[in-house]
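*Asks:* Build me a structure from this.
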Amino acid sequence: MANIHSQNIVHWLATGERGVSSEAIVSHLTGVPVGGRPGSGGYPYDPADFNRCHKLLERCPQLRIELHRMAELGPVWASLVERWDNITRLFLAEVEQGTGRAPRTYKVMQSLREGGRKQEAQA
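*Replies:* This next block holds a predicted model:
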C-alpha cells in the first residue's frame, strides 16, 4: 500500500489536477478516503479524466507501481488497467498533434467501459 504521507502525494493533494478517477486511485491505493463523490464508478470516463490520472501517476510513481490493484474495483477498472500503457501511448500521440482532442483515446476508453459494464451485468 502506498504511503499517503509521501511528499509527492501530499503535494498532489494540495496542488494537483484532481477528479473522481484520480482521487479514486489515491483512495484505493493508500487506503485513505479522498474526494468521496460516489456514483461514477471512479474510473476515468474520458481523455480529460485519463489525463488527470496520467499526471497523478507521473508525479507519484509509487502509485503507478501499484496501479494493477485498481482492478480490484471491478471489470471496468480491470480493463483499463490491463491496457493502461497502450492507452497512455495513444493519448500522448494524440496530444502531440496539438488539437486539444483525443477522439481515438475516447473511443478505446468507451469500448473498455462498455465491455466492463457487460461483465458486471453478467456477474
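*Asks:* wait, what's in contact with the spatially most central residue of the chain?
*Replies:* Central residue of the chain (C-alpha atoms, centre = their mean): Cys53, 4.4 Å from the mean position. Contact partners of Cys53, counting by C-beta atoms under 8 Å, 6 or more residues apart in numbering, are 19, 21-22, 25, 44. Any C-beta I mention is one placed from the backbone N, CA and C, and that applies to glycine too.
*Asks:* List just the nearest of the residues you listed to Leu90.
*Replies:* Nearest to Leu90, judged by C-beta to C-beta, of the contacts of Cys53 is Pro44 at 13.3 Å.
*Asks:* Distance check, the residue nearest to the centre of the chain against Pro44.
*Replies:* Cys53 sits at a distance of 5 Å from Pro44 (criterion: C-beta to C-beta, to the nearest Å).
*Asks:* Report the set of residues contacting both of these two.
*Replies:* With C-beta under 8 Å, 6+ apart, Cys53 and Pro44 have common neighbours 19, 21.
*Asks:* if we can go back for a sec, quickly find the element holding the residue nearest to the centre of the chain.
*Replies:* Cys53 is located in helix 47-59, with elements delineated by DSSP states H and E.
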